[in-house]
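S.K.: Provided below for reference: sequence and predicted model.
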Amino acid sequence: MQNPTKEEIRQILKESKVIAVVGLSDKPERTSYRVSQIMQQAGYKIIPVNPNVDEILGEKAVKKLADIKEHVDIVNVFRRSEFLPEIAKEFDQMDANVFWAQLGIVNQEAFDFLTEKGYPTVMDYCIKVAYQEMD
């Protein structure tokens, strides 16, 4: 499994505007909330993907990726590794550019599926850290 280079990741983050966050918690103490809040403050539009809440960070939540009707630049995943193959299949059915699994989240089956289809795929890397490394 090989993530895009730092330069490719920098380019992805520069060109991206909309991030759908799978598993975004509405609890401010959770990592998904804090990371998404920082990305939102940096100017990215956040689309929460969480079937259990109506709104997070002032944005209307959707139950699943298929419910998103606009183009998404990055799907950022905060779910356990065993859920990645299913999420990767949902990702493949939507209008999105980049699949990104957060730090500690890795699944070879999902990685192979996505890269064979030509999607830029990042796993086991925090999007906030990548963003902060751009400077």
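M.R.: Ah, there it is.
S.K.: quick one, what contacts the closest residue to Met123 other than its chain neighbours?
M.R.: The spatially closest residue to Met123, leaving aside those adjacent along the chain, is Ala101, at 4.3 Å (Cβ to Cβ, 6 or more residues apart in numbering). For glycine as for every other residue, the C-beta is placed from the backbone atoms N, C-alpha and C. Shown here is Ala101, whose contacts under the criterion Cβ atoms under 8 Å, 6 or more residues apart in numbering are 77, 81, 84, 107, 110, 122-125.
S.K.: which of these are buried?
M.R.: Buried subset of the contacts of Ala101 (neighbour count, 16 or more other Cβ atoms under 10 Å): 77, 81, 84, 107, 110, 122-123, 125.
S.K.: Include pLDDT and secondary structure when you put the residues you listed into JSON lines, please.
M.R.: Formatted as JSON lines, those follow (pLDDT from 0 to 100; DSSP: H, G, I helix; E, B strand; the rest coil):
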{"residue": "Val77", "pLDDT": "98", "secondary structure": "strand"}
{"residue": "Ser81", "pLDDT": "97", "secondary structure": "helix"}
{"residue": "Leu84", "pLDDT": "98", "secondary structure": "helix"}
{"residue": "Asn107", "pLDDT": "98", "secondary structure": "coil"}
{"residue": "Ala110", "pLDDT": "98", "secondary structure": "helix"}
{"residue": "Val122", "pLDDT": "98", "secondary structure": "strand"}
{"residue": "Met123", "pLDDT": "98", "secondary structure": "coil"}
{"residue": "Tyr125", "pLDDT": "97", "secondary structure": "coil"}
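S.K.: measure stretch 84-100 end to end?
M.R.: Between the opening and closing residues of stretch 84-100 lies a distance of 10 Å (Cα to Cα, to the nearest Å).
S.K.: Distance from that stretch to the middle of the chain?
M.R.: Averaging C-alpha positions (Cα atoms, centre = their mean, to the nearest Å) puts stretch 84-100 9 Å from its chain's average.
S.K.: Tell me which residues are up against that stretch.
M.R.: With contact meaning Cβ under 8 Å, 6+ apart, stretch 84-100 is reached by 12, 16, 20, 22, 64-66, 68, 70-77, 79, 101, 105-107, 109-110, 113-114, 117, 119-123, 125, 127.
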